[in-house]
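Trainee: fold the following and give me the result.
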Amino acid sequence: MFSETVITDKIPVLLVEDSRNEAHVTQRLLHDIDNEFDISRVARLEDALAELTLHKMDAVILDLGLPDSDGPQSIQKINTHFPNLPIIVLSGRNDPDTVRRALEFGAQEFIAKGECTGNTIRQALLGAIIRKSLKN
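Mentor: Take a look at the predicted model:
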């Protein structure tokens, strides 16, 4: 009898979300549709920058309302240090001005919390990763 080992490479993603409940919902949505992502979570932008320095990530899912950074400036700070890293904004603020500013500051995708599914997040992640890699 043969023993078979399957090696799967999961896509490393950093979730920057200060709410444990919101983080759990996002992780659950992604896990329920496909277990292809290895999601690490931090609650502050400062911790995200430290985590990204220590570990290679293929994408970031970013909330715009963090204890140490608020709004699209969070995108700009990540882009300054990691310009090749795709950023997907997942935010409860989904007014047209916030969406426009997030995209202008360098986010590849904007998804409104409460209006998304696991598949929406998955497609945004994979699309952003592919588009960013084609630019490099």
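
Trainee: against residue 67, how distant is the residue lying closest to residue 108 once chain neighbours are set aside?
Mentor: Closest residue to residue 108 apart from its sequence neighbours, by Cβ to Cβ, 6 or more residues apart in numbering: residue 128 at 3.7 Å. (Glycine included, C-beta is placed from N, CA and C.) In this structure, residue 128 and residue 67 are 25 Å apart, going by Cβ to Cβ, to the nearest Å.

Trainee: for the two, indicate the residue with more neighbours.
Mentor: Of the pair residue 128 and residue 67, residue 128 is the one with more neighbours under other Cβ atoms under 10 Å, namely 21 against 10.

Trainee: contacts only, for the more buried one.
Mentor: With contacts defined as Cβ atoms under 8 Å, 6 or more residues apart in numbering, residue 128 is in contact with 59, 86-88, 108-109.

Trainee: and residue 115, what element?
Mentor: Using DSSP states H and E, residue 115 falls within no helix or strand.

Trainee: just the CA atoms of stretch 62-81, as PDB, please.
Mentor: Extracted C-alpha coordinates of stretch 62-81, given in PDB (Å, rounded to 0.1, in the frame of the first residue of the first chain):
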ATOM      1  CA  LEU A  62      -7.200  46.000   4.200                       C
ATOM      2  CA  ASP A  63      -9.800  47.600   6.300                       C
ATOM      3  CA  LEU A  64      -9.700  51.400   6.100                       C
ATOM      4  CA  GLY A  65     -10.700  52.000   9.800                       C
ATOM      5  CA  LEU A  66      -7.800  51.000  12.000                       C
ATOM      6  CA  PRO A  67      -6.800  52.100  15.400                       C
ATOM      7  CA  ASP A  68      -3.500  53.600  14.100                       C
ATOM      8  CA  SER A  69      -4.500  54.700  10.600                       C
ATOM      9  CA  ASP A  70      -7.700  55.800   9.100                       C
ATOM     10  CA  GLY A  71      -8.700  56.100   5.500                       C
ATOM     11  CA  PRO A  72      -6.900  55.700   2.200                       C
ATOM     12  CA  GLN A  73      -3.600  56.800   3.700                       C
ATOM     13  CA  SER A  74      -3.200  53.200   5.000                       C
ATOM     14  CA  ILE A  75      -3.000  52.100   1.300                       C
ATOM     15  CA  GLN A  76      -0.400  54.700   0.600                       C
ATOM     16  CA  LYS A  77       1.700  53.600   3.600                       C
ATOM     17  CA  ILE A  78       1.700  50.000   2.500                       C
ATOM     18  CA  ASN A  79       2.400  51.000  -1.100                       C
ATOM     19  CA  THR A  80       5.400  53.100  -0.100                       C
ATOM     20  CA  HIS A  81       7.100  50.100   1.600                       C
END
